[in-house]
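S.K.: what's the 3D shape of this:
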Amino acid sequence: MGEHRNTFRGYIAMLVVIKPCRGRGIAAELVARSIKVMMESGCEGVTLEAEVTNKGALALYGRLGFIRAKWLFRYYLSGVDAFRLKLLLPLPDLHPFIHKD
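M.R.: Numbers count the residues shown, from 1 in each chain. Below you'll find the predicted structure:
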């Protein structure tokens, strides 16, 4: 979390769940908990990047309310493009994944 263009913003740098543990909701829970802490700390939004080819990550972040804000051409050293994803905070009270208790 830190200041960015006169706002306080959270950033998710990297999240990986090893293959044998995928499909158990671990990534969704980790991201939800991170967002909750960022909300409680006064962040106005959360950003991250994901490879355009990473359909699992894009689906996860889409379910959590992130929007695709920008296409980043050849963003990674491998030459793969990325999406910059953004989540605006605070979230509506009825957001299904973020526990507010």
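
S.K.: Roughly how far does residue 20 sit from residue 58?
M.R.: 22 Å (Cβ to Cβ, to the nearest Å). Where C-beta positions appear, they are placed from N, C-alpha and C, glycine not excepted.

S.K.: is it true that residue 76 touches residue 53?
M.R.: No. Applying Cβ atoms under 8 Å, one finds residue 76 not in contact with residue 53, separated by 10.2 Å.

S.K.: neighbouring contacts of stretch 41-50?
M.R.: Contact partners of stretch 41-50, identified using Cβ atoms under 8 Å, 6 or more residues apart in numbering, comprise 1, 7-13, 34-35, 38, 57-58, 61, 66, 69, 72, 75, 82-89.

S.K.: so what secondary structure elements neighbour the host helix or strand of residue 8?
M.R.: Per DSSP states H and E: residue 8 is located in strand 7-11. If contacts are counted by 3 or more Cβ pairs under 8 Å, 6 or more residues apart in numbering; DSSP states H and E, strand 7-11 sits against strand 2-4, helix 26-40, strand 45-51.

S.K.: export the ones you listed to a markdown table and tack on mean neighbour count and mean pLDDT?
M.R.: Formatted as a markdown table, the helices and strands packed on strand 7-11 follow (neighbours: other Cβ atoms under 10 Å; pLDDT from 0 to 100):
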| stretch | mean neighbour count | mean pLDDT |
| --- | --- | --- |
| strand 2-4 | 10 | 79 |
| helix 26-40 | 16 | 93 |
| strand 45-51 | 19 | 96 |
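
S.K.: Show me how far the strand holding residue 8 is from its chain's centre.
M.R.: Centre-to-centre, strand 7-11 and its host chain are 12 Å apart (Cα atoms, centre = their mean, to the nearest Å).

S.K.: Give me the angle between that strand and helix 26-40.
M.R.: 160 degrees (axes from the mean of the first three to the mean of the last three Cα atoms, to 10 degrees).

S.K.: okay, the angle between strand 7-11 and strand 45-51?
M.R.: Using the same axes, to 10 degrees: strand 7-11 against strand 45-51 is 40 degrees.
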